[in-house]
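[1] Sequence and predicted structure, then a few things I'm wondering about:
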Amino acid sequence: MIVLGLILLIIGLVASIPILTTIGVILIIVGLVLNLVPIGGTRRRVY
């Protein structure tokens, strides 16, 4: 999700499309939050 956000952010800045830049920033923030906050317990489950 972070990589997708970076790609959209770069495309939005190069093509000067503000909606892509906004979506890119939102995806980067959501990706960082999901990686830092443990959801569903403290252990990562491997199936």
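    Yep, it's here.
[2] so how far is stretch 20-34 off the chain centroid?
    Distance of stretch 20-34 from its chain centroid, counting by CA atoms, centre = their mean, to the nearest Å, is 4 Å.
[3] how far away is residue 19 from residue 36?
    26 Å (CB to CB, to the nearest Å). (Each C-beta comes from the backbone N, C-alpha and C, glycine too.)
[4] Sorry, wrong one. I was asking about residue 12.
    Taken as CB to CB, the span from residue 12 to residue 36 is 24 Å.
[5] try residue 24
    19 Å.
[6] Which one's more surrounded, these two?
    residue 24 (20 against 7; other CB atoms under 10 Å).
[7] In this structure the more buried one contacts residue 1, no?
    No: at 10.8 Å, residue 24 does not count as touching residue 1 under the criterion of CB atoms under 8 Å.
[8] now the helices for this structure?
    2-14, 18-36 (DSSP state H).
[9] ok, residues contacting the longest one?
    In other words, helix 18-36. With CB atoms under 8 Å, 6 or more residues apart in numbering as the test, helix 18-36 has contacts from 1, 2, 4, 5, 6, 7, 8, 9, 10, 11, 12, 13.
[10] What residues sit buried inside that helix?
    20, 21, 23, 24, 27, 28, 31 (16 or more other CB atoms under 10 Å).
[11] how big is the angle separating that helix from helix 2-14?
    Angle of helix 18-36 versus helix 2-14, following axes from the mean of the first three to the mean of the last three CA atoms, to 10 degrees, is 160 degrees.
[12] And helix 18-36, how far out from the chain middle?
    4 Å.
[13] what do you get for the first one?
    Taking the mean C-alpha point of helix 2-14 and that of its whole chain, the gap between them comes to 10 Å (CA atoms, centre = their mean).
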